[in-house]
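*Asks:* The following block contains a protein sequence and its predicted model.
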Amino acid sequence: LQILAINAGDYELYIRNIIQEENWTFPVYIDSSWSAIKEYEISRIPRTFFVDTTGMIRKVGLGSFDNADQIKEILNSLQ
C-alpha cells in the first residue's frame, strides 16, 4: 500500500504545519493551481482513488474514512 495525498485549496504553510504535527510519512502534493482537481474532474472532496500496480483506477471513494478497517475492506475487495 502506498499513499499519496493531494491538497488543493489550503495555504501551503498550513498544510506543511499539519504534515509536521501529524508526523505524516507519505508524500503530500500541494496543488496550488488546482490542476489535479481539474484533470480528474473532482467536484467534491475528500476523494480517494484506489489505483492498482498497473496505474488503473480500480475504485473511487467519496468522503473520509472512519477507521483503517474500512480501507482494508476496500483493498481486500480489489484482490
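*Replies:* Nice, thanks for sending it over. Numbering: from 1, shown residues only.
*Asks:* Pull the number of nearby residues for the residue nearest to Ser64 when sequence neighbours are not counted.
*Replies:* Of all residues not flanking Ser64 in the chain, Pro46 sits nearest, at 5.4 Å (Cβ to Cβ, 6 or more residues apart in numbering). Placement of C-beta: from N, CA and C, glycine included. Applying other Cβ atoms under 10 Å, we find 13 residues neighbouring Pro46.
*Asks:* Dihedrals phi and psi, Pro46?
*Replies:* Phi and psi for Pro46, reported as degrees, to the nearest 10, are phi -80, psi 150.
*Asks:* ok, it touching Val60?
*Replies:* No. Using Cβ atoms under 8 Å, Pro46 makes no contact with Val60, being 11.2 Å away.
*Asks:* Now do the same contact list for the residue nearest to Ser64.
*Replies:* Counting by Cβ atoms under 8 Å, 6 or more residues apart in numbering, Pro46 touches Leu62, Gly63, Ser64.
*Asks:* Try it again at 10 Å.
*Replies:* By Cβ atoms under 10 Å, 6 or more residues apart in numbering, the contact set of Pro46 is Ala5, Ile6, Asn7, Gly61, Leu62, Gly63, Ser64, Phe65.
*Asks:* what do you get for Ile18?
*Replies:* Ile18 makes contacts with Asn7, Asp10, Trp24, Val28, as judged by Cβ under 10 Å, 6+ apart.
*Asks:* run the last query once more with 8 Å
*Replies:* Residues near Ile18 by Cβ under 8 Å, 6+ apart: Trp24.
*Asks:* Would you list the buried entries among the contacts of Pro46?
*Replies:* Buried by 16 or more other Cβ atoms under 10 Å: Ile6, Asn7, out of the contacts of Pro46.
*Asks:* Just the closest of the contacts of Pro46 to Ile71, please.
*Replies:* Nearest to Ile71 out of these is Phe65 (Cβ to Cβ; 5.6 Å).
*Asks:* which residues of the protein fall in strands?
*Replies:* Here the chain has its strands, by DSSP state E, at 5-7, 28-30, 47-51, 57-62.
*Asks:* can those strands go into TSV with extra columns for mean pLDDT?
*Replies:* Listed next are the strands of the chain as TSV, based on pLDDT from 0 to 100:
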stretch	mean pLDDT
strand 5-7	89
strand 28-30	91
strand 47-51	89
strand 57-62	90
